[in-house]
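Turn this into a structure:
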Amino acid sequence: MGQRIESSDSGSVDLQAAKQIHWLQLTMLPGIGPRILTALLERFQTPEATLAASETELKTVAGVGSTLANKIRHAADHVAAQKILDWCAENGTTILRKDHGPYPNPLRDLDDAPPILFCQGEWKPLDALAVGIVGTRHATLYGRAQAERIAYGLARAGVTIVSGLARGIDAAAHRGALDAGGRTIAVLGGGLGKLYPPENQPLATTIASNGAVVSEYRPDASPRGGMFPQRNRLISGLSMATVVVEAPDRSGALITARLSGEQGREVLALPGPVNSRTSQGCHQLIRDGATLIRGPEDILEALGPVSAAIPMKSGQTIRSGAELLLNEQERTVLQAIQPQSTSIDVITSASGLPVQRVLATISVLESRQLVRRLSGQYVARI
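Take a look at the predicted model:
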């Protein structure tokens, strides 16, 4: 990835590195966001063809005027792509491309998904079972303690914790997940080489060893105010649900909650003292329909079915966050039930349990919305 583009003894060129160069030149170009990039690639198919297009051809794409078309045609003058590749190679950073390789699947369907993510650490398929925990930077002792408690409990159950590495609630959530021996992902509002706040650098290093630190911005991009709301769509997009622990009326955490709802994710909020300024945003969310939560169990119950089975460290796969609340007997019965119609006799035989215990367990699974009855003798997994 960090290899320079230069001819070998045979005169050949490292085509993969050349492709990375073209991707970086196009995606890191000021003025090109995810939507314009999508339109450009729909028109020209590849970054190479886009960069080689004429000004007249480029201006046929919605959102591309003369100024941006000229920048695209001279992208090499605006983006030091080789310098970025060298920095990544020297700092253990992988470039995740939406069109290729281990890019986070939960982001792929977003209209404004970043075409490139810079990643220190590793995103794994099991990270699709994730919950975002966000809140104010000016957290109270109560807020920090609750964020750590909730993150710890979720991580112990196998859930990846996603947050923004900010002071306050974010840092507490990351630490709670790490204390539980779980995985956590930090999404930055600036480049990996300009980490903010700087005092969280040791925390970021630990996170990279137990999850990932990611950014859509070039490594040398200094964080600015507008980057953080933009970053929030990735926190919510990576998560099955977003939990707001403490947030005043105008908190950026409320932006994350709104984006989570717009993306079709669950929005949950932890209540605080009615007279606490730092919980007013949470109370507003609850009044407007967000799920009130008291702890990790409430969050796991709220996690609905996933689009594809998620692998767990145990080697099993799950299709709903609620499965993490099941005891051994309930898991055994659930594993015996297929998405198609499954008879009670088949379930009893496969589980090795008495029929009355199977029937009682099916009632529990039905109450958790993991199975549905088709008739008196047949059930199916949801």
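
contacts, neighbours, all on C-alpha from now
Fine.

Only C-alpha atoms, please: export the helix or strand hosting residue 254 in CSV.
Using DSSP states H and E, the element containing residue 254 is helix 252-262. Extracted as CSV, the C-alpha positions of helix 252-262 are listed here (Å, rounded to 0.1, in the frame of the first residue of the first chain):
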residue,chain,number,x,y,z
GLY,A,252,-23.6,17.3,18.9
ALA,A,253,-24.8,13.9,20.3
LEU,A,254,-28.3,14.9,19.3
ILE,A,255,-27.1,15.2,15.7
THR,A,256,-25.9,11.7,15.9
ALA,A,257,-29.3,10.6,17.3
ARG,A,258,-31.1,12.3,14.5
LEU,A,259,-28.9,10.8,11.8
SER,A,260,-29.4,7.4,13.4
GLY,A,261,-33.1,7.7,13.0
GLU,A,262,-32.8,8.9,9.4
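
after that helix comes which helix or strand?
Next along from helix 252-262, by DSSP H and E: strand 266-269.

which residues touch that following strand?
240-245, 257, 260-261, 282-283, 285-286, 290-293, 299, 302-303 (Cα atoms under 8 Å, 6 or more residues apart in numbering).

now swap in stretch 374-382 and tell me
Counting by Cα under 8 Å, 6+ apart, 305, 334, 337-344, 369-373 sit against stretch 374-382.

which sections of the stretch 1-150 of the chain are below the confidence cut-off?
1-14 (pLDDT under 70).

Okay, and which of the contacts of stretch 374-382 map to strands?
305, 342, 343, 371, 372, 373 (DSSP state E).

ranges for the strands of the chain?
Assigned by DSSP E, the strands in the chain fall at 94-97, 116-121, 130-134, 160-163, 184-187, 211-215, 241-244, 266-269, 291-292, 305-311, 317-320, 342-343, 371-373, 378-381.

check contacts around residue 249.
Contacts of residue 249 (Cα under 8 Å, 6+ apart): 277, 278, 280, 281.

Phi and psi next, for it.
Taking degrees, to the nearest 10, you get phi -60, psi -40 for the backbone angles of residue 249.

I'd like to know how many residues surround residue 354.
If you count neighbours by other Cα atoms under 10 Å, residue 354 ends up with 10.

ditto for residue 102
Residue 102: 14 neighbours (other Cα under 10 Å).

That one and residue 108, how far apart?
11 Å (Cα to Cα, to the nearest Å).
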